[in-house]
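**Student:** What follows is a predicted protein model with its sequence.
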Amino acid sequence: MQFIDQQVTSVGRRRDSGVQRGRRDALDGIKKWLSQYNPETANALQPGLSTHEIEKLTEQMPIALTEELFLLYQWHNGTSKDAPFI
């Protein structure tokens, strides 16, 4: 797994590692499916962002990212510009 089981958000809450693990497993399942059925898109996924990078990018936002969005950006930061539409 690429992710850290327990993280502290910018507001200091600890995330439940069991819930997060389930979400990571679901995301990994999506990537596995993409790799099998749409490898071009799977290969276009950009690496995830670090906790620090996400917090830096979102510090000026008037609202905080949900834990799910935070995890999503740690998993992968979207796709490259030339990626096919999913």
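**Tutor:** Structure received. Numbers count the residues shown, from 1 in each chain.
**Student:** which stretches of the protein form helices?
**Tutor:** 17-37, 39-44, 51-58, 67-75 (DSSP state H).
**Student:** in this protein, which ranges drop under the pLDDT threshold?
**Tutor:** For the chain, applying pLDDT under 70 flags the ranges 1-16, 86.
**Student:** Kindly recompute the last result at 80.
**Tutor:** 1-17, 83-86 (pLDDT under 80).
**Student:** Next one: the residue positioned nearest the centre of the chain from residue 46, what distance?
**Tutor:** Note on the chain: the residue nearest the mean C-alpha position is residue 72, at 2.3 Å, using CA atoms, centre = their mean. Look at residue 72 and residue 46: by CB to CB, to the nearest Å, they are 12 Å apart. The way it works is simple: take the backbone N, C-alpha and C, and place the C-beta from them, glycine included.
**Student:** next one: residue 69
**Tutor:** Distance, residue 69 to residue 46, by CB to CB: 16 Å.
**Student:** returning to that earlier point: deepest-packed of the helices of the chain, please.
**Tutor:** helix 67-75 (a mean of 18; mean count of other CB atoms under 10 Å).
**Student:** Determine how far that helix lies from the middle of the whole chain.
**Tutor:** 4 Å (CA atoms, centre = their mean, to the nearest Å).
**Student:** again with stretch 53-70
**Tutor:** 12 Å.
**Student:** so how far does that stretch reach from one end to the other?
**Tutor:** End-to-end distance of stretch 53-70 (CA to CA, to the nearest Å): 11 Å.
**Student:** Over to stretch 38-47?
**Tutor:** 18 Å.
**Student:** how far does it sit from the chain's center?
**Tutor:** Using CA atoms, centre = their mean, the offset of stretch 38-47 from its chain centre is 14 Å.
**Student:** Sweet, I'm off.
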